[in-house]
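Dropping the sequence and predicted coords here.
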Amino acid sequence: MRKRAAVLCGAAVVVAGTFTAVPADASAPQSVPTASAARLTWKKCGTADYPTLQCASLKVPLDHANPRGRQITLALSRVPHTAKTFQGPLLVNPGGPGGSGLTFAGFIASGLPKAVAAQYDVIGFDPRGVGRSTPALNCKPGHFDPVRPDSVPSSPAIEKANLERAKSFAAACGRKYASVLPHIDTISAVRDMDAIRRALGAQRINYFGYSYGTYLGAVYAKLFPHQVRRLVLDSIVDPTGVWYDDNLAQDHAFNDRHRALMAWIAKYDATYRLGTDPERIEAKWYAMRAALAKKPADGKVGASELEDTFIPGGYYNGYWPYLAEAFAAYVNKKNADPLVEAYENFGAVDASGDNGYSVYTSVQCRDASWPRDWRQWQKDNWDVYEQAPFMTWNNAWYNAPCAFWPTRSLSPVNVANGKLPPALLFQATNDAATPYQGGVTVHRLLADSSLVVERGGGNHGITLSGNTCLDKYLTAYLTDGKVPRGGGEADAVCAALPDPKPLASKAASTSSRGAALHGLLGARG
C-alpha cells in the first residue's frame, strides 16, 4: 500500500479441526509442464531478500475478444520448485486492484515451510496496467500531493474542490488511456491469468490471493473452473457488494478499528499520556484533525493527510505504536515532527502509489455500476458519516472518480461455483478492509469450501504473518489438499495474535513478517 515500518507478531492459541482430503484427481501432483513453457524465458532477477527470484514477460491481447489485435506485456516472476515432487504453478496476488505481485512471489515462497514451497513454482505477476507490465497506468501524477482539501465537505466550497479533483482525475485517465481503459477490469485480468497458465504449460493452476486477489481468484475459478487445482483466499471481498456497497461497508468497519486503536492507547496511558477513556482520546484525535485542517503540519499534513496516515492502522495493528507516538507528541508536546514522519511512512503516495491508484480506479470503475448522480453519493455518505466519521468521506473521494468515469461499466460476476475442488478460505472477524461477512458469503457461494476464522483478529491479510494456527491449515492444504471440516459458519477457528506493545517493549521488534506482508498488499485492499 505505502511505505511501512517493521513491527511485531506474537504467538497464537491453536484450535484444531478435523481434516478431509480433496478428491484424488485434484490433489495428485501434476506432470512437468509441456514444451509450450518455452514461450517464457526466465532470467535471474533476485533481490537481497529473495535471491532466487526469476523474471519473464508475456504478451497478451489488450482485448481478449480480438486475440490478433494490439498486444500488451505482463511482467512475471518466479521462485522455481526444487523438490522432486512438483505440484505445479502457484499463482499469487496481493490485491489492490493495482498491487504489484513480482516481489510477492518471493514473500510467499519464503513464508511457506521450505518443504512445501519447494514443490511449487511460485508465480508472481503484475496485472495489466500495473508496475512493470506495459503499458503501466499513471493517470495524473501527484494526485495525492499535499495539502488536499478537507475530506469532509462541510461547505459548498470544500465539496466543489473535492469534486473537481475527482472529475479531473477521471478526465485525465480518459485522455491518456482512451483505448486502454475499456480493457482494464477483473475479467480481462482473469483471462490474462489463463494465458499465463498456458504459457507455463500447465493444465491447471494453484492460486493464492489476498484481499482484492480473492475476488480475482473467485472470478478465475468461475470462468475456468476446470483449470483450478487448489484455491486459497485470504481476507475475502464480498462479491455481492462490488464495488459501491463494499466501500460503504468498509467505512463502518474502519471506524470500529479506529476506535480499537483509541482503546489500545487508553490501555497504555502510562506511555502515551492521552488518558484512560477511549472516547475522550477519540475526541482529542478529532481535535487534532480540526487543528490540522486550519494549520497543516509542516505544510504537508492537513486533515485529509492525517486520515491517510491513520487508515493503515485499520489494516494492520502493528502500526499502532508508531501512530500513537505521533498522536501523543502532537497533543502533549506540540511536536508535529513524528506526525510528519508517520505521514511520510504510511500515508504519502509515491509514483508506484500513483500507478496503483490509477489501476484501482480503472478496475473498480469498469467492473460494476456506480451511481452517476452525485446526490446519491451525498445521501449515502452523509448517512454513514453520522455513524462512522473516521474514514467515510476520505473513502468516498478515493472512489469518487467512478461517478465520472469515461468508460461504461460491466456487470459484477456471480462467483457461485459448484465445479471446484475444495477451496480454503481465511477471514478475521474484525477485518476492516474486507469485513467478515465477505468470508461467510464466499464460503456459502463456493460449494465444498472450508472457512478458517481468526476470532478477534482485525488485521487484513492474516496468513504467513505470524499466526501459526492459521499457517498450519494453509500448510496442510498446500501439502496434500487437506481442508478442515467443522460444519457451521466456520470449519476451524484460530485465536488472534496479541495486540502489539508500545515501542519501548522488546516485543515490538520480534518479527517483521506481518509488516512485510502489509507493505506488499495492494492499496485499499
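In hand now; what should we look at? Numbering: from 1, shown residues only.

start to end distance for stretch 399-412?
Using C-alpha to C-alpha, to the nearest Å, the end-to-end distance of stretch 399-412 comes to 17 Å.

Name the residues that touch that stretch?
By C-beta atoms under 8 Å, 6 or more residues apart in numbering, the list of residues contacting stretch 399-412 from outside reads 162-163, 166-167, 169-171, 173-174, 178, 181-182, 185, 187, 239-240, 242-244, 247, 361, 364-372, 374, 377. The way it works is simple: take the backbone N, C-alpha and C, and place the C-beta from them, glycine included.

other SSEs contacting the helix ranked longest in the chain?
With secondary structure taken from DSSP state H, the chain has its longest helix at helix 244-267. Helix 244-267 sits against helix 278-294, helix 312-315, helix 320-333, helix 374-387, helix 392-399, with contacts defined as 3 or more C-beta pairs under 8 Å, 6 or more residues apart in numbering; DSSP states H and E.

Mean neighbour count added to those helices, as TSV?
Formatted as TSV, the helices and strands packed on helix 244-267 follow (neighbours: other C-beta atoms under 10 Å):
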stretch	mean neighbour count
helix 278-294	16
helix 312-315	25
helix 320-333	21
helix 374-387	15
helix 392-399	23
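
wait, which of those helices is closest to residue 61?
helix 392-399 (28.7 Å; C-beta to C-beta).

Between helix 244-267 and the closest one, find me the angle.
Interaxial angle, helix 392-399 versus helix 244-267 (axes from the mean of the first three to the mean of the last three C-alpha atoms, to 10 degrees): 140 degrees.

Pull up the pairing partners for the helix or strand that helix 392-399 is followed by, direction included.
Per DSSP states H and E, the first helix or strand lying C-terminal to helix 392-399 is strand 424-428. Partners of strand 424-428 in the sheet, by DSSP bridges, are strand 228-236 (parallel), strand 450-455 (parallel).

coming back round to it: would you turn the helices and strands packed on helix 244-267 into JSON lines with distance to residue 466?
What follows is the helices and strands packed on helix 244-267, written out as JSON lines (distance: least, C-beta to C-beta, whole Å):
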{"stretch": "helix 278-294", "distance to residue 466": "26"}
{"stretch": "helix 312-315", "distance to residue 466": "15"}
{"stretch": "helix 320-333", "distance to residue 466": "15"}
{"stretch": "helix 374-387", "distance to residue 466": "33"}
{"stretch": "helix 392-399", "distance to residue 466": "28"}
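
a markdown table for those, including distance to residue 419 and mean pLDDT?
As requested, the helices and strands packed on helix 244-267 are exported to a markdown table (distance: least, C-beta to C-beta, whole Å; pLDDT from 0 to 100):
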| stretch | distance to residue 419 | mean pLDDT |
| --- | --- | --- |
| helix 278-294 | 48 | 98 |
| helix 312-315 | 33 | 97 |
| helix 320-333 | 43 | 98 |
| helix 374-387 | 36 | 98 |
| helix 392-399 | 33 | 98 |
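
do you know which of those lies nearest residue 129?
helix 392-399 (17.5 Å).

Figure out how far that closest one is from the centre of its chain.
On the basis of C-alpha atoms, centre = their mean, to the nearest Å, helix 392-399 sits 17 Å off its chain's mean C-alpha point.

Now do that helix against helix 374-387: the angle between them, please.
Helix 392-399 and helix 374-387 are oriented at 150 degrees to each other (the same axes, to 10 degrees).

any low-confidence regions in the chain?
Along the chain, the parts satisfying pLDDT under 70 run over 1-38, 505-511, 522-523, 525.

before we move on, back to that, would you tell me which one of the strands paired with strand 424-428 is buried the most?
Among the strands paired with strand 424-428, ranked by average contacts under mean count of other C-beta atoms under 10 Å, first place goes to strand 228-236 (a mean of 27).

a markdown table please, covering the strands paired with strand 424-428 and showing distance to residue 107.
Shown next, in a markdown table, are those (distance: least, C-beta to C-beta, whole Å):
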| stretch | distance to residue 107 |
| --- | --- |
| strand 228-236 | 13 |
| strand 450-455 | 19 |
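
So which elements touch whichever strand or helix holds residue 519?
Element membership for residue 519 (DSSP H and E) is helix 513-520. Helix 513-520 is packed against helix 102-111, with contacts defined by 3+ C-beta pairs under 8 Å, 6+ apart.

Starting from the helix it packs on, tell me the next helix or strand along the chain.
Proceeding N to C from helix 102-111, the next assigned helix or strand is helix 114-117, under DSSP H and E.

so how far is that next one off the chain centroid?
Centroid separation for helix 114-117 versus its chain: 25 Å, with C-alpha atoms, centre = their mean.

what does stretch 173-188 give?
Between the centre of stretch 173-188 and the centre of its host chain there is 21 Å, according to C-alpha atoms, centre = their mean.

Next, the contact list for residue 454, please.
Residue 454 sits next to 426-429, 462, 467, 470, 493-496 when contact means C-beta under 8 Å, 6+ apart.

Specify the beta-bridge partners of it.
Per DSSP bridges, the residues bridged to residue 454 are residue 428, residue 494.

quick one: it and residue 60, what's the gap?
According to C-beta to C-beta, to the nearest Å, residue 454 and residue 60 sit 36 Å apart.

same thing with residue 321?
Note on residue 321: its distance to residue 60, by C-beta to C-beta, is 44 Å.

ok so, going back, so what does whichever helix or strand comes after the longest helix of the chain touch, helix or strand wise?
Using DSSP H and E, the helix or strand that follows helix 244-267 in sequence is helix 269-272. Judged by 3+ C-beta pairs under 8 Å, 6+ apart, helix 269-272 is in contact with helix 320-333.

And the helices and strands packed on helix 244-267: which comes nearest residue 44?
Residue 44 lies closest to helix 312-315 among the helices and strands packed on helix 244-267, at 32.7 Å (C-beta to C-beta).

neighbouring contacts of that closest one?
With C-beta under 8 Å, 6+ apart, helix 312-315 has contacts from 1-2, 4, 253-254, 257-258, 261, 319-320, 323, 346-347, 391, 432-433, 458-461, 518, 521, 525.

Ok, stretch 188-200 next?
For stretch 188-200, contacts defined as C-beta under 8 Å, 6+ apart pick out 33, 36-37, 39-40, 58, 60, 64, 74, 76, 89, 91, 97, 121, 123, 125, 127-128, 204-205, 216, 219-220, 223-224, 227, 363.

Next, the angle strand 228-236 makes with the helix holding residue 519.
100 degrees.

any idea how far helix 513-520 is from the chain center?
Taking C-alpha atoms, centre = their mean, one finds helix 513-520 lying 11 Å from the centre of the chain it belongs to.

do stretch 422-434 as well
Mean-position distance between stretch 422-434 and its chain equals 12 Å (C-alpha atoms, centre = their mean).

Just the buried residues of it, please?
For stretch 422-434, burial by neighbour count (16 or more other C-beta atoms under 10 Å) applies to 422-434.

With distance to residue 443 as added columns, please give the residues you listed in JSON lines.
Formatted as JSON lines, the buried residues of stretch 422-434 follow (distance: C-beta to C-beta, whole Å):
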{"residue": "422", "distance to residue 443": "11"}
{"residue": "423", "distance to residue 443": "9"}
{"residue": "424", "distance to residue 443": "10"}
{"residue": "425", "distance to residue 443": "6"}
{"residue": "426", "distance to residue 443": "11"}
{"residue": "427", "distance to residue 443": "8"}
{"residue": "428", "distance to residue 443": "14"}
{"residue": "429", "distance to residue 443": "13"}
{"residue": "430", "distance to residue 443": "17"}
{"residue": "431", "distance to residue 443": "14"}
{"residue": "432", "distance to residue 443": "19"}
{"residue": "433", "distance to residue 443": "18"}
{"residue": "434", "distance to residue 443": "13"}
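
Looking at the residues you listed, which one is closest to residue 330?
Set against residue 330, the nearest of those by C-beta to C-beta is residue 432 (23.5 Å).

name the element that closest one belongs to?
Applying DSSP H and E, one finds residue 432 in no helix or strand.

which ones are touching it?
By C-beta under 8 Å, 6+ apart, the contact list for residue 432 reads 250, 253-254, 256-257, 314-315, 458, 460.

Please identify which of the residues you listed is nearest to residue 232.
Among those, residue 460 lies closest to residue 232 (C-beta to C-beta), at 15.7 Å.
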